[in-house]
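Peer 1: Could you look at this predicted model? Sequence included:
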Amino acid sequence: MSRKYFGTDGIRGRVGEHPINAEFMLKLGWATGRVLGNGSASRVVIGKDTRISGYMFESALEAGLSAAGVDIRLLGPMPTPAIAYLTRTMHACAGIVISASHNPHYDNGIKFFSAEGTKLPDEVEAAIEAELDKPMVTVSSARLGKAERVDDARGRYIEFCKSTIPSRIDLGGLKIVVDCANGATYQVAPSVLEEMGANVIAINVDPNGLNINEDCGSTNPQLLREQVLKEEADLGIALDGDGDRLIMVDHKGELVDGDELLFIIAVSRKETKQLSGPVVGTLMTNLGMEHALQAQKIEFERARVGDRYVMELLKEHGGVLGGESSGHIICLDRTSTGDGMVSALQVLATMVQKNVGLHQLKQGMKKYPQLMINVPLARRTDIDNCEPVQSAVRAVEKRLNGKGRVLLRPSGTEPLIRVMVEGEDKTLVDEQARHLAGVVEQVVGARVETA
């Protein structure tokens with residue numbers, strides 16, 4: 001379904017450039033209130049991460065919602081999954097998150113949650129876009145929405161996180177470094193771990209509005225690795241700016257990515273007879289995870305790239321676990337959306353229950369070498385029906401001899417083809433990925449004219 005403003009995960013862009021400006025946010029708040037408001041009991045919760053533009057957009061959305069006759073509950077800086085949870089438990093008709101996730105401070109965006117704490121259906125996003133094209137009309141003064149701050153939002157969410165693992169689990173004795181990316185989890189994440197008994201060393205917990213995700217967090221975990229080794233910690237936890245992604249580091253300073261974490265949780269669920277349906281990954285999920293799950297007799301399905309599509313496939317097949325290599329992990333048996341802290345607690349609970357370290361837990365899965373190369377296109381091309389390219393793909397697959405895979409994926413936002421080759425032999429993978437990228441560039445790549 002074509003969208004004017006909404007992408008696969010809300011509306012996002014550069015601050016100050018349409019539509020990420022105060023004028024548009026005012027109208028967006030009004031349109032949202034018109035579509036999702038349900039009479040006199042209507043309320044919408046608004047939360048944000050720590051980037052400086054959140055102040056401006058929070059006020060604009062609040063004004064627009066009030067003009068539509070909808071009450072507002074302001075949560076302040078809170079992780080995205082916390083807003084999903086509070087939307088449900090506060091019986092709001094919608095939740096709004098002001099965040100650009102793992103992007104730098106100069107970007108921002110708006111994500112929406114339904115009353116059930118899930119992403120909005122396509123038809124609801126389309127209805128909001130239709131309202132945006134209409135003149136803004138304010139309700140009568142007596143019907144204007146009121147705004148209140150929710151003072152105990154953080155405590156509510158902390159208790160929820162702790163409730164997602166058995167109450168007998170005690171993290172006492174574990175030394176944990178947690179990197180909060182100077183983002184929305186900077187108060188919540190250390191508190192959850194400390195209240196469960198862990199010895200916590202918190203880093204990147206000093207947001208100033210501009211340093212969110214800056215050389216830290218799940219997209220840049222090098223500092224976390226260094227701190228884990230320096231402190232001789234048992235493990236490290238890296239979250240992104242809005243708290244829905246998770247990467248971990250074991251006691252040796254080795255990264256444990258989303259695929260490996262999802263594997264650990266899936267095996268634990270199977271052993272405790274809590275796993276239903278297939279585990280869902282994406283087209284980019286490492287082949288090693290698929291093979292490791294097969295060895296455990298756990299069914300696996302691949303969705304298109306994006307947590308939205310992972311969620312769709314989980315619901316279609318009755319699954320409860322899914323995720324992406326980037327660390328966006330969905331535990332539908334615990335919550336309604338991807339949640340970095342909830343996912344981390346599932347891994348920590350497994351460590352405590354089995355009395356083993358993170359390094360040992362990940363040994364059941366061997367990651368295959370993978371190389372992805374972006375090839376700029378001269379024009380949009382139907383790569384699936386380009387015979388010279390497909391012939392080259394078949395040749396690479398033959399070289400891999402059933403011990404790898406090839407993926408050609410057009411970018412959804414740029415004129416690029418992402419060429420990915422994966423297999424057991426790193427030398428062969430690198431060689432074949434570069435060869436295939438060269439074929440794609442020669443056949444449909446952008447030509448650079450030189451004088």
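Peer 2: Structure's in. What do you need?

Peer 1: need the strands for the stretch 201-350 of the chain, in chain order.
Peer 2: Remark: strands assigned in the stretch 201-350 of the chain by DSSP state E, counting those that start in this stretch are 235-239, 246-250, 255-256, 279-282, 300-303, 321-323, 329-331.

Peer 1: Each with direction, which strands does the last one pair with?
Peer 2: Using DSSP bridges, the neighbouring strands of strand 329-331 in the sheet come out as strand 321-323 (antiparallel).

Peer 1: Would you mind finding the longest helix in this structure?
Peer 2: If you go by DSSP state H, the chain has its longest helix at helix 426-444.

Peer 1: just checking, what packs against that one?
Peer 2: Contacts defined by 3 or more Cβ pairs under 8 Å, 6 or more residues apart in numbering; DSSP states H and E place helix 426-444 against strand 370-376, helix 387-400, strand 404-410, strand 416-423. In this view, the C-beta of every residue, glycine as well, is placed from N, C-alpha and C.

Peer 1: I'd like the strands of the stretch 201-350 of the chain written out as JSON lines, with distance to residue 97 and mean pLDDT added.
Peer 2: Listed next are the strands of the stretch 201-350 of the chain as JSON lines, based on distance: least, Cβ to Cβ, whole Å; pLDDT from 0 to 100:
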{"stretch": "strand 235-239", "distance to residue 97": "15", "mean pLDDT": "98"}
{"stretch": "strand 246-250", "distance to residue 97": "17", "mean pLDDT": "98"}
{"stretch": "strand 255-256", "distance to residue 97": "27", "mean pLDDT": "98"}
{"stretch": "strand 279-282", "distance to residue 97": "22", "mean pLDDT": "98"}
{"stretch": "strand 300-303", "distance to residue 97": "22", "mean pLDDT": "97"}
{"stretch": "strand 321-323", "distance to residue 97": "19", "mean pLDDT": "98"}
{"stretch": "strand 329-331", "distance to residue 97": "16", "mean pLDDT": "98"}
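
Peer 1: In TSV: those strands, plus mean neighbour count.
Peer 2: Output for these, formatted as TSV (neighbours: other Cβ atoms under 10 Å):
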stretch	mean neighbour count
strand 235-239	29
strand 246-250	26
strand 255-256	20
strand 279-282	26
strand 300-303	19
strand 321-323	31
strand 329-331	25
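
Peer 1: Low-confidence stretches in the stretch 1-150 of the chain?
Peer 2: Within the stretch 1-150 of the chain, the segments meeting pLDDT under 70 span 1-2, 38-41.

Peer 1: picking up where we left off before, relative to residue 167, which of the helices and strands packed on helix 426-444 is closest?
Peer 2: strand 370-376 (39.5 Å; Cβ to Cβ).

Peer 1: Next, the angle strand 404-410 makes with the closest one.
Peer 2: 30 degrees (axes from the mean of the first three to the mean of the last three Cα atoms, to 10 degrees).

Peer 1: mean confidence for strand 370-376?
Peer 2: Averaging pLDDT along strand 370-376 yields 94.

Peer 1: Show me what that strand is packed against.
Peer 2: Against strand 370-376 (3+ Cβ pairs under 8 Å, 6+ apart) you get strand 416-423, helix 426-444.

Peer 1: Of those, flag the one that's most buried.
Peer 2: Across the helices and strands packed on strand 370-376, the average number of neighbours (mean count of other Cβ atoms under 10 Å) peaks for strand 416-423, which reaches a mean of 23.

Peer 1: Take the strands of the stretch 201-350 of the chain and lay them out in TSV including distance to residue 68.
Peer 2: Compiled in TSV, the strands of the stretch 201-350 of the chain are given as follows (distance: least, Cβ to Cβ, whole Å):
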stretch	distance to residue 68
strand 235-239	33
strand 246-250	36
strand 255-256	45
strand 279-282	36
strand 300-303	35
strand 321-323	35
strand 329-331	31
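
Peer 1: nearest to residue 44, of those?
Peer 2: strand 329-331 (23.7 Å).

Peer 1: Fine by me, thanks again.
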